[in-house]
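Enquirer: kindly generate the corresponding structure for this input.
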Amino acid sequence: MPDSTVSTSEKSKRGWSWGRLLAWALAALFFGFVMREVLYPFAGEKYVEFTHGNHSHYAPKDRNENVPISKFPTRRPDPGERITPDGKIVPRGE
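Expert: Reported below is the predicted structural model:
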C-alpha cells in the first residue's frame with residue numbers, strides 16, 4: 001500500500017539531501033587529508049628537510065640551533081641510521 005502522505009518528489013528531495021551530505025562529508029575528509037600532507041609533509045619522520053639553493057639538508061627535529069644548516073647532511077639517513085643533533089649520520093644504536 002503506497003504512502004499517500006509523502007509525495008514522490010518529497011522522497012527524492014530527502015534522498016538528494018542525504019546524498020549531498022555524504023558528498024560534502026567525503027569532500028571534507030579528503031580536504032583534511034590533503035591539508036595534513038601539505039602542512040606536515042614529514043609528520044612520521046624524525047628529521048626535517050631544509051631546502052638550500054638547489055639541494056636540501058636533513059636535520060633532526062631536536063637539532064642543535066648553534067650548528068648551521070650547512071653542516072647537516074644532504075642525503076636522507078638510510079634505514080638503521082639517524083642524524084645526531086650536531087649533523088652527523090650514525091647507526092641508530094649510537
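
Enquirer: please report the distance of A27 from N64.
Expert: Distance, A27 to N64, using CB to CB, to the nearest Å: 43 Å. The C-beta positions use only the backbone N, C-alpha and C, and glycine is treated the same way.

Enquirer: the two - which one has more neighbours?
Expert: Remark: of A27 and N64, N64 carries more neighbours, 13 against 10, as counted by other CB atoms under 10 Å.

Enquirer: quick test: name the residue nearest the centre of the chain.
Expert: In the chain, the residue lying closest to the centroid (CA atoms, centre = their mean) is E37, at 2.5 Å.

Enquirer: contact partners for that one?
Expert: Neighbour list for E37: empty [criterion: CB atoms under 8 Å, 6 or more residues apart in numbering].

Enquirer: residues near the closest residue to V90 other than its chain neighbours, how many?
Expert: Nearest residue to V90, sequence neighbours excluded (CB to CB, 6 or more residues apart in numbering): T84, at 5.9 Å. When neighbours are defined as other CB under 10 Å, T84 has 16 of them.

Enquirer: so T84 touches D62, yeah?
Expert: No - using CB atoms under 8 Å as the test, T84 is too far from D62 to be in contact (9.5 Å).

Enquirer: picking up where we left off before, tell me if the residue nearest to the centre of the chain really is in a helix.
Expert: Yes - if the criterion is DSSP: H, G, I helix; E, B strand; the rest coil, then E37 is within a helix.

Enquirer: hang on, the earlier thing: can you pull the pLDDT of the residue nearest to V90?
Expert: On the pLDDT scale, T84 is placed at 92.

Enquirer: please apply the same query to A23.
Expert: pLDDT for A23: 91.

Enquirer: which strand or helix spans it?
Expert: In the assignment (DSSP states H and E), A23 maps to helix 8-39.

Enquirer: elements contacting whichever helix or strand comes after that helix?
Expert: Moving toward the C-terminus from helix 8-39, the next helix or strand (DSSP H and E) is strand 47-52. With contacts taken as 3 or more CB pairs under 8 Å, 6 or more residues apart in numbering; DSSP states H and E, strand 47-52 sits against strand 55-60.

Enquirer: whichever helix or strand comes after the strand it packs on pairs with which strands?
Expert: Later in the chain than strand 55-60, the nearest helix or strand by DSSP H and E is strand 81-83. With DSSP bridges as the test, strand 81-83 is paired with strand 89-91 (antiparallel).

Enquirer: kind regards, and thank you for your time.
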